[in-house]
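Undergrad: Here is a sequence together with a model predicted from it:
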Amino acid sequence: MEIVKIATIRNDFTDRFGVPRQSGIAREMTSRIVFEKKYRNPDALRGIAGFSHLWLLWEFDRIPRDTEFRPTVRPPKLGGNTRVGVFATRSPYRPNPLGLSVVKLVRTEQTPEGPVLVVSGADLMDGTPIYDIKPYIPYADCVTDAVGGFADEHANDRISVVLAERVREDAATLGKDETWLTNLVVVLSSDPRPAYQNDAARQYGMRYDDCEVAFSVSDTELFVTSIRRADET
């Protein structure tokens with residue numbers, strides 16, 4: 001079986017560290033799905049506006065491929081030390097590096113690059129290849145009595161995000177508006193650190209859009225200390 005890339009996603013997640021761990025966590029974050037030339041025929045999207053959400057089938061293309069099968073992995077949310085079966089996780093380290101995400105369809109735009117889908121809630125890095133798009137069908141795809149295993153224990157994990165006084169000034173100097181800052185706060189509120197990292201004295205750095213974001217984390221809050229252009233770090 002051979003699969004081909006039909007589109008590429010474009011957004012502000014320019015580094016693996018900080019990308020939401022599941023789709024729908026950063027609900028207001030928008031991404032653009034740009035189709036390959038072969039698939040830019042508007043007829044391919046006829047009727048898609050009638051659906052509120054879409055399934056994306058995509059590739060973990062920034063993950064090194066293993067030559068050997070790993071039957072178990074260590075999910076970050078379990079502290080990085082507990083091993084569970086790879087097929088009981090959504091780990092990117094899989095026999096086939098395929099991801100599956102539900103996103104909200106915000107609108108369709110006609111652009112010089114053909115029709116573009118604007119979606120929200122994606123958990124894909126900028127530049128990720130997309131192999132298929134299917135409509136989300138609530139009566140078939142929504143299982144109301146489903147159980148999420150160990151993932152349910154962390155479904156509502158959030159941390160309060162506080163911006164240093166200078167951060168808003170830095171953002172304005174860099175041409176970033178309040179919407180950009182709000183989206184950054186949403187991303188950080190899910191705490192991008194692995195669960196086993198809990199050092200209040202440690203300074204973390206995260207690439208977001210074209211900026212480097214520095215922050216520290218205590219038990220109760222994540223404190224953003226600075227924002228600067230990534231090429232200035």
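TA: Done, it's in. This structure is a prediction, so every number in the text was calculated from the model and none was measured.
Undergrad: What are the boundaries of the strands in the chain?
TA: 7-10, 30-35, 53-59, 72-73, 84-85, 98-111, 114-120, 129-135, 160-163, 204-208, 211-217, 221-229 (DSSP state E).
Undergrad: Next one: the spatially closest residue to residue 99 that is not a sequence neighbour from residue 92, what distance?
TA: Residue nearest to residue 99 in three dimensions, not counting chain neighbours: residue 58, with 4.8 Å by C-beta to C-beta, 6 or more residues apart in numbering. In short, each C-beta sits where N, CA and C put it, glycine included. Distance, residue 58 to residue 92, by C-beta to C-beta, to the nearest Å: 11 Å.
Undergrad: anything in contact with each of those two?
TA: Taking C-beta atoms under 8 Å, 6 or more residues apart in numbering as the criterion, residue 58 and residue 92 both touch residue 99.
Undergrad: So for those two, which residue has more residues nearby?
TA: residue 58 (24 against 16; other C-beta atoms under 10 Å).
Undergrad: The more buried one bridge partners, please.
TA: residue 99, residue 130 (DSSP bridges).
Undergrad: hang on, isn't it packed against residue 125?
TA: No. Residue 58 is beyond contact range of residue 125, at 9.6 Å (criterion: C-beta atoms under 8 Å).
Undergrad: Give the residues shared as contacts by the two.
TA: Contacts common to residue 58 and residue 125, judged by C-beta under 8 Å, 6+ apart, are residue 9.
Undergrad: low pLDDT regions in this structure?
TA: Within the chain, the stretches with pLDDT under 70 are 79-80, 152-156, 195-198, 232-233.
Undergrad: for the most centrally placed residue in the chain, what are its contacts?
TA: Closest residue to the average C-alpha location of the chain: residue 123 at 2.1 Å, with C-alpha atoms, centre = their mean. Residues in contact with residue 123, defined by C-beta under 8 Å, 6+ apart, are 19-26, 99, 101.
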